[in-house]
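Peer 1: Dropping the sequence and predicted coords here.
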Amino acid sequence: DDVVRWLIHRFRELFPEPEIGTRTIANEIRQAAGIAVSRSTVQRTLREPKPKEPVARQPETAPKPAEAEKLKPRHILKPEAKNRTWHLDLTVINLLVVKFYVAALLDGFSRKLLVMRVYAGCPKAHTMVTLVKRAIKTCGQPRFLVVDHGAQFRKQFKAAIASDDNPKLSVVRGKRGDPRFNGKIERQFRTLKLFQRLAFFPFKLKQVQARLDSFRTWYNEHRCHQSLGGRRPEQVWSGEPPIKLRKILARDLVKPQIEVRREHHDGDPFLPKVVIDVRWPEELRKTG
């Protein structure tokens with residue numbers, strides 16, 4: 001708010017000593033005024049023009065509970081619904097002397113891999129814009145698109161994304177050297193690199209894309225995700241409710257018949273599917 005921005009500028013005017021840095025200003029404001037402000041906020045505010053001295057005001061009416069819920073701050077890295085925050089990034093696959101570039105687009109809420117595309121050379125900004133717009137037509141429009149500081153995601157990319165077609169879409173670039181900001185998609189790349197290291201990858205572009213499509217389907221539909229409470233990204237994306245759990249105790253008189261099988265997605269031994277069939281006695285009677 002402008003009152004905090006004015007306070008920071010006023011603080012610097014009263015304490016211009018170089019020994020009092022931005023971290024000290026933030027700490028002093030927190031301790032003396034009880035106002036939550038970070039060092040990065042102080043740094044950013046001091047680079048901006050000083051606002052006019054604010055006038056104290058009170059809301060005309062108290063916000064209703066529903067309106068108060070709308071005003072509740074939500075961090076873009078902790079979305080509460082799908083298509084709130086998307087993550088876009090690039091990685092490199094090295095196959096002996098051949099190098100491929102892989103672009104991936106991931107939904108931050110469900111961890112679903114929306115798009116995974118391979119390129120023979122390093123893609124340009126317009127290529128990334130086309131990838132995002134095609135994903136929007138298929139999956140819906142996000143509110144935020146998190147990218148890093150790659151050359152593909154600079155002014156040309158942001159200008160093309162923030163067009164009339166996507167007026168509510170904001171491109172967010174994290175801090176340099178902070179892998180946590182785009183950590184969700186980096187973790188997905190780690191899984192891809194493990195698969196790529198173990199599996200045999202072809203050297204033709206179309207064949208590599210086919211393997212990536214297979215990996216994306218397996219990742220979304222068959223891989224349990226720890227951050228999703230053991231659920232699969234496709235289950236969270238589609239809004240499928242969690243399964244009802246049933247305990248099996250040693251003292252139970254009724255025992256089920258359980259069968260466990262290992263299957264492979266698309267016949268790939270490095271993309272395993274676990275199949276567990278649980279049949280209770282009443283079900284066995286019905287089927288004879």
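Peer 2: All right, it came through fine. Worth saying up front: this structure is predicted, and the values here are computed from it rather than measured.
Peer 1: What residues are bridge-paired with Gln257?
Peer 2: Note on Gln257: beta-bridge partners by DSSP bridges are Arg279.
Peer 1: I'd like to know how many residues surround it.
Peer 2: A count of neighbours around Gln257, defined by other C-beta atoms under 10 Å, yields 11. (Each C-beta comes from the backbone N, C-alpha and C, glycine too.)
Peer 1: again, but for Thr85
Peer 2: By the criterion of other C-beta under 10 Å, Thr85 has 24 neighbours.
Peer 1: For the nearest residue to Thr22 once chain neighbours are set aside, give its distance to Gly177.
Peer 2: Of all residues not flanking Thr22 in the chain, Val42 sits nearest, at 4.3 Å (C-beta to C-beta, 6 or more residues apart in numbering). Distance, Val42 to Gly177, using C-beta to C-beta, to the nearest Å: 20 Å.
Peer 1: higher neighbour count, those two?
Peer 2: Val42 (24 against 7).
Peer 1: A helix includes that one, no?
Peer 2: Yes - per DSSP: H, G, I helix; E, B strand; the rest coil, Val42 lies within a helix segment.
Peer 1: who's in contact with it?
Peer 2: 8, 22-23, 25-26 (C-beta atoms under 8 Å, 6 or more residues apart in numbering).
Peer 1: if we go to 10 Å?
Peer 2: 4-5, 8-9, 11-12, 21-27, 29 (C-beta atoms under 10 Å, 6 or more residues apart in numbering).
Peer 1: now do Ser238
Peer 2: Neighbours of Ser238 in contact, by C-beta under 10 Å, 6+ apart: 82, 110, 112, 232.
Peer 1: how close does the residue nearest to Thr22 sit to Ile8?
Peer 2: Distance from Val42 to Ile8, counting by C-beta to C-beta: 5 Å.
Peer 1: Find residues that contact each of the two.
Peer 2: 22, 25-26, 29.
Peer 1: What is the burial count for the closest residue to Val254 other than its chain neighbours?
Peer 2: If the residues on either side of it in the chain are set aside, Val254 comes closest to Pro281, at 5.9 Å by C-beta to C-beta, 6+ apart. Using other C-beta under 10 Å, Pro281 has 11 other residues around it.
Peer 1: tell me the phi and psi of Pro281?
Peer 2: Main-chain torsions, Pro281, degrees, to the nearest 10: phi -50, psi -40.
Peer 1: I'd say it and Lys255 touch.
Peer 2: Yes - under the criterion of C-beta atoms under 10 Å, Pro281 makes contact with Lys255 at 7.8 Å.
Peer 1: Tally up the residues packed near Thr41, please.
Peer 2: Residues within reach of Thr41, counting by other C-beta under 10 Å, total 17.
Peer 1: who are the neighbours in contact with Ser40?
Peer 2: 22, 26, 175.
Peer 1: where do the strands sit along the stretch 1-150 of the chain?
Peer 2: 85-95, 98-107, 113-119, 144-147 (DSSP state E, counting those that start in this stretch).
Peer 1: Between strand 113-119 and the host helix or strand of Asn220, find me the angle.
Peer 2: Per DSSP states H and E, Asn220 falls inside helix 205-221. Helix 205-221 and strand 113-119 are oriented at 160 degrees to each other (axes from the mean of the first three to the mean of the last three C-alpha atoms, to 10 degrees).
Peer 1: got the CA coordinates for helix 205-221 in PDB?
Peer 2: Backbone C-alpha positions of helix 205-221 (Å, rounded to 0.1, in the frame of the first residue of the first chain) are rendered in PDB as follows:
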ATOM      1  CA  LEU A 205      13.400 -35.800 -33.600                       C
ATOM      2  CA  LYS A 206      10.000 -37.500 -34.200                       C
ATOM      3  CA  GLN A 207      11.100 -40.600 -32.300                       C
ATOM      4  CA  VAL A 208      12.300 -38.500 -29.400                       C
ATOM      5  CA  GLN A 209       9.000 -36.600 -29.400                       C
ATOM      6  CA  ALA A 210       7.100 -39.900 -29.300                       C
ATOM      7  CA  ARG A 211       9.100 -41.000 -26.200                       C
ATOM      8  CA  LEU A 212       8.400 -37.700 -24.500                       C
ATOM      9  CA  ASP A 213       4.700 -38.000 -25.200                       C
ATOM     10  CA  SER A 214       4.800 -41.400 -23.600                       C
ATOM     11  CA  PHE A 215       6.700 -40.100 -20.600                       C
ATOM     12  CA  ARG A 216       4.200 -37.200 -20.200                       C
ATOM     13  CA  THR A 217       1.200 -39.600 -20.200                       C
ATOM     14  CA  TRP A 218       2.900 -41.800 -17.600                       C
ATOM     15  CA  TYR A 219       3.900 -38.900 -15.500                       C
ATOM     16  CA  ASN A 220       0.400 -37.500 -15.400                       C
ATOM     17  CA  GLU A 221      -1.600 -40.700 -15.100                       C
END
